[in-house]
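In: missing the sequence, but the structure's below:
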């Protein structure tokens, strides 16, 4: 059972990135999938989550209106589309799978680095 986050990179302020969370060994649509991030010197924080049952989405305030979480069940992936990126969005982004958004997560991916800089 593995989760792998990908899609990070260097982007200029105002730019966009699409992160992807892929699963092997289990079906993502059975789980709530959360995206988290950890900036240097800061604690990990939640970014967004999509529930496993009805696809309800949740966003932390800084992500509302800029980030969009979505599922592609055919590909067994969950994506996080990030727009209007700011330098303060620079962090390692992680995806995680659990039974419910906001509860304990059972599986974590290894993280992908997003750097927003000119």
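Out: In hand now; what should we look at? Just so you know, these numbers come straight off a predicted model, no measurement behind them. Residues are numbered from 1 along each chain as shown.
In: which residue is nearest the centroid of the protein?
Out: Most central in the chain under C-alpha atoms, centre = their mean is residue 35, positioned 3.0 Å from the mean C-alpha point.
In: Any idea how many residues pack against the residue nearest to it when sequence neighbours are not counted?
Out: Once flanking residues are discounted, residue 35 sits nearest to residue 47: 4.4 Å by C-beta to C-beta, 6 or more residues apart in numbering. Just so you know, the C-beta spots here come from the backbone N, C-alpha and C atoms, and that holds for glycine as well. Residue 47 has 24 neighbours, counted by other C-beta atoms under 10 Å.
In: For whichever strand or helix holds residue 47, buried residues please.
Out: Using DSSP states H and E, residue 47 sits within strand 45-50. Within strand 45-50, the residues scored as buried using 16 or more other C-beta atoms under 10 Å are 46-50.
In: And stretch 8-28, by the same measure?
Out: Judged by neighbour count (16+ other C-beta under 10 Å), stretch 8-28 contains these buried residues: 8, 11, 17, 19-23, 28.
In: gap between that stretch and the chain center?
Out: Chain-centre distance of stretch 8-28: 7 Å, with C-alpha atoms, centre = their mean, to the nearest Å.
In: Counting by contacts, list what the helix or strand hosting the residue nearest to the centre of the chain packs against.
Out: Following DSSP H and E, one finds residue 35 within strand 32-38. Using 3 or more C-beta pairs under 8 Å, 6 or more residues apart in numbering; DSSP states H and E as the contact test, the elements touching strand 32-38 are strand 17-24, strand 45-50, strand 67-72, strand 91-98.
In: want to try a markdown table for those strands, with mean pLDDT as columns?
Out: Converted to a markdown table, the helices and strands packed on strand 32-38 look like this (pLDDT from 0 to 100):
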| stretch | mean pLDDT |
| --- | --- |
| strand 17-24 | 95 |
| strand 45-50 | 97 |
| strand 67-72 | 96 |
| strand 91-98 | 97 |
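In: of those strands, which approaches residue 115 most closely?
Out: Of all those, it is strand 91-98 that lies closest to residue 115, at 8.8 Å by C-beta to C-beta.
In: who does that closest one touch, helix- and strand-wise?
Out: On a contact count with 3+ C-beta pairs under 8 Å, 6+ apart, strand 91-98 meets strand 2-6, strand 17-24, strand 32-38, strand 77-82, strand 105-108, strand 112-116.
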